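Chemist: Using only what follows, build the 3D model:
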Amino acid sequence: MTRRSGPLAAAILVIGCIGDAEPPDPAPATSAADPAAAAPDSIYAADAVDVALLEYAIGMPTRLPAGPTRLRLSNQGFEGHNLKLVDPESRAVLWETERDVETGEVRLVELDLPPGSYTVLCDVAGHDTRGMLMTLTVEATSDP
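Modeler: Just a heads-up that it's a prediction; the model follows:
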């Protein structure tokens, strides 16, 4: 069997591309449909600090300013994770997620961080012993 794809295939391709319709107008750079503009308290909040939860690492800044802070938790791994903020001296849990952050889930949480040094970890099934453990330094800010 011989396959022919010469002039007929080219003609169909050209005819399919010809038309009187004008191309659509490009979307404006900023619109009300922009999730961050429409819902500042949503997971798209521009002022949120991104926290990536992976196997087996926590991706976030090691230093943050003191005060009200939004964290955007994003589980980019294939296992469930949690996040805890622990006082390294007393080992007291100062804050933790209410439930595990499931695979693919993105969640916005709000904290009021006092100055100090903290241990940040995920302790689901020993994840902290596999690398999901870091030190976070919260620095006092000077009022202008």
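Chemist: Going along the chain, name the strands of the chain.
Modeler: 49-54, 57-59, 63-65, 67-75, 84-86, 93-96, 106-113, 116-121, 133-139 (DSSP state E).
Chemist: between those strands, which gets nearest to residue 43?
Modeler: With CB to CB, the closest approach to residue 43 among these belongs to strand 106-113: 4.7 Å. From N, CA and C alone the C-beta is placed, and that goes for glycine too.
Chemist: Which positions within the closest one qualify as buried?
Modeler: Using 16 or more other CB atoms under 10 Å as the test for burial, strand 106-113 gives 107, 109, 111, 113.
Chemist: Export the strands of the chain as CSV, with columns for mean pLDDT and distance to residue 42.
Modeler: Shown next, in CSV, are those (pLDDT from 0 to 100; distance: least, CB to CB, whole Å):
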stretch, mean pLDDT, distance to residue 42
strand 49-54, 97, 14
strand 57-59, 98, 21
strand 63-65, 97, 21
strand 67-75, 97, 10
strand 84-86, 97, 23
strand 93-96, 96, 21
strand 106-113, 96, 7
strand 116-121, 98, 23
strand 133-139, 98, 24
